[in-house]
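> A structural model of the following input is requested.
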Amino acid sequence: PVELLVSGSDDQTLHLWTPTSKKQPLKRMTGHQQPINHLSYSPDGRYVASASFDKQIKLWNGSTGEYLLSCVGHVGAVYQVSWSPDSRYLVSASKDSTAKLWEVDKETIGRQKRIGARETLPGHADEVYALDWSPSGGGVATGSKDRTIKIWKH
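Sure thing, here's the model as predicted:
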């Protein structure tokens, strides 16, 4: 298998690379309207999620770099994303003081270009800067500027 890498930039673009074989990117991935904050491959390698100051998360094909869909619903910059261990869910941390849970299924990806959050995780009093899934996939931890960490059961 070919080793792939995706980079995100302040110029609002992502690039798909094969770092062990070429010095030029395979694909330039466009669509965000502001700088990219974070990106993450799904554990199964099928998808890449990118988080941006433009308040959106975009999903891309992890092998080809093709744009798949946008996750819309945050009202502030999205700082970080994290995949569930089974690659079925994505969580996002935002300036809007929430985390959101997104369901990523094959049928939705084939039919829709925009999806809303399955759940909003409210309760922080300030920006949510960090989050991650538990290794079992049973919960999510979020960390906020409000100096609290919250644990959410899935």
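
> Just checking, which helix or strand of the chain averages the lowest pLDDT?
helix 106-111 (a mean of 80; mean pLDDT, DSSP states H and E).

> what comes up buried for that one?
Within helix 106-111, the residues that count as buried by 16 or more other CB atoms under 10 Å are Ile109. From N, CA and C alone the C-beta is placed, and that goes for glycine too.

> and the next element down the chain from it?
strand 114-115 (DSSP states H and E).

> residues in contact with that next one?
Leu69, Ser70, Cys71, Val72, Trp102, Glu103, Thr108 (CB atoms under 8 Å, 6 or more residues apart in numbering).

> Just the ones in strands from those residues, please.
Leu69, Ser70, Cys71, Trp102, Glu103 (DSSP state E).

> Spit out the contact partners of the second one.
When you say that, I think you mean Ser70. Gly31, Gln56, Ile57, Lys58, Leu59, Lys113, Arg114, Ile115.

> thought the third one was touching Val81?
When you say that, I think you mean Ile57. Yes - applying CB atoms under 8 Å, one finds Ile57 in contact with Val81, separated by 5.9 Å.

> quick one: strands adjacent to the helix or strand harbouring Ala130?
Element membership of Ala130 [criterion: DSSP H and E] is strand 128-133. Strand 128-133 has the following strand partners under DSSP bridges: strand 139-144 (antiparallel).

> residues in contact with the strand it pairs with?
Here strand 139-144 has contacts from 82, 91, 93, 97, 99, 101, 121, 124-134, 149-154, using CB under 8 Å, 6+ apart.

> and after that strand, which helix or strand comes next?
strand 149-153.

> and the angle for that next one with strand 128-133?
40 degrees (axes from the mean of the first three to the mean of the last three CA atoms, to 10 degrees).

> and strand 149-153, what does it pack onto?
Other elements packing on strand 149-153 under the criterion 3 or more CB pairs under 8 Å, 6 or more residues apart in numbering; DSSP states H and E are strand 139-144.

> Thank you, goodbye.
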